[in-house]
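K.L.:
next input, structure requested:
(one chain, ligands or ions: 1)
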Amino acid sequence: MKFAIVEGCRQEATPASRGKCPNCGAGVIAKCGTKKLWHWAHSSVRNCDHWWEPEKAWHRAWKNEFPVPWQEVRCVASDGELHIADIKTASGMVVEFQHSNISVIERASRERFYGNMVWLVDGTRLKKDLPQFQATIRSARAIKDAPLSLLMHDRANQLVERWAGSRCPVFIDFGGARPELPLITDDEVLWRLQYARGTNKVVATPVSRSSFVAYFRNDGRLRGYRLPRLRADPMHSPLRGFETHMRRKASRKRRF
Ligand SMILES: [Zn+2]
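P.N.:
Numbers count the residues shown, from 1 in each chain. Presented below is the predicted three-dimensional model:
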């Protein structure tokens, strides 16, 4: 945990300090070593929130993109169940940062518990995920060109399959990896996956990382991309699906 309650205030861990868990009220101690991020840990039980995963630098960096009062927010269901949301915005939207693997059952129960939520997934955990995802991009069909949206099968690659059936949008963070598309961007790109209920279809949309932050800070729109005209650009490999889409569009136009 990044925050504990010390003398009535939310505070970050400092060496040799003690506080109370904001979730269950039990005693927590500051862990301020050199290997892990400085954090708070329960002094007796492992962790009162069984959904909690050990916090990595990746989690902490993402949390820090948002205002402090929105970080690690205690949420209580009507039946008394308690969990700490990584981010809960002023408008009640929950953003969960997920590094480790999560079972389908746990994922579904979190989606039910929070309702209004999105996932932000660390796409760098497994080395094979990025090359597999890029191979899928190369063969995916573009169903929209502004913003660019690609259609995928929910078993197109292992990462997409792991999140299949998700009811909430899933954003994948591949770190600084460039998508294999001639997108004009200086910003990092996240991939939004939206699984169509009751089908095997997933719509994948690249979005700008900074617009993701701005959007959830209620400070802007989520920005997608438009591909430049490909035929005029021999530097980039052709996108089979996208070109087919453009050809179909062109032939439709010719009919009128
Ligand atoms: Zn606790």
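K.L.:
gap between P22 and F3?
P.N.:
Per CB to CB, to the nearest Å, P22 is found 6 Å from F3. C-beta: built from backbone N, CA, C; applies to glycine.
K.L.:
what residues are shared contacts of the two?
P.N.:
Common neighbours of P22 and F3, counting by CB atoms under 8 Å, 6 or more residues apart in numbering, are R10, E72.
K.L.:
residues in contact with stretch 123-136: which ones?
P.N.:
58, 99-101, 152, 156-160, 172-175, 177, 179-180, 191, 204.
K.L.:
then stretch 211-226?
P.N.:
The contact list for stretch 211-226, computed with CB under 8 Å, 6+ apart, reads 65-67, 87, 89-91, 93, 95, 120, 145-149, 171, 181, 183-185, 187, 189-190, 192, 205-208.
K.L.:
can you select the buried ones from those in ChimeraX?
P.N.:
Buried members of those, defined by 16 or more other CB atoms under 10 Å, are picked up in ChimeraX with:
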select :65,66,87,89,93,95,120,148,149,171,181,183,189,190,192,205,206,207,208
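K.L.:
picking up where we left off before, who has more neighbours, P22 and F3?
P.N.:
Taking other CB atoms under 10 Å, P22 and F3 do not tie; F3 has more neighbours (22 against 17).
K.L.:
quick check: the more buried one touching E12?
P.N.:
Yes - between F3 and E12 there is a contact under CB atoms under 8 Å: 6.4 Å.
K.L.:
can you tell me the centre-most residue of the protein?
P.N.:
L120 (1.1 Å; CA atoms, centre = their mean).
K.L.:
quick one: the strands in the stretch 101-250 of the chain, in order.
P.N.:
117-122, 141-145, 148-153, 170-173, 189-195, 201-208 (DSSP state E, counting those that start in this stretch).
K.L.:
so for K31, which of those strands sits nearest?
P.N.:
K31 lies closest, by CB to CB, to one member of the strands of the stretch 101-250 of the chain: strand 117-122, at 21.6 Å.
K.L.:
show me what that closest one is packed up against.
P.N.:
Applying 3 or more CB pairs under 8 Å, 6 or more residues apart in numbering; DSSP states H and E, one finds that strand 117-122 makes contact with strand 94-98, strand 170-173.
K.L.:
run the chain-centre distance for that strand.
P.N.:
Here the centre of strand 117-122 is set off from its chain's centre by 3 Å, with CA atoms, centre = their mean, to the nearest Å.
K.L.:
direction included, what does that strand pair up with?
P.N.:
Its sheet considered, strand 117-122 pairs with strand 94-98 (parallel), strand 170-173 (parallel) by DSSP bridges.
K.L.:
smallest gap between the stretch 101-250 of the chain and the ion, at which residue?
P.N.:
Distances between the stretch 101-250 of the chain and the ion by CB to the ion are smallest at F113, namely 16.7 Å.
K.L.:
list the residues that contact that residue.
P.N.:
Neighbouring residues of F113 by CB under 8 Å, 6+ apart: C75, A77, E81, H83.
K.L.:
got the residues of this protein near the ion?
P.N.:
Proximity of the chain to the ion (CB under 5 Å from the ion) is limited to residues C21, N23, C24, A26, C48.
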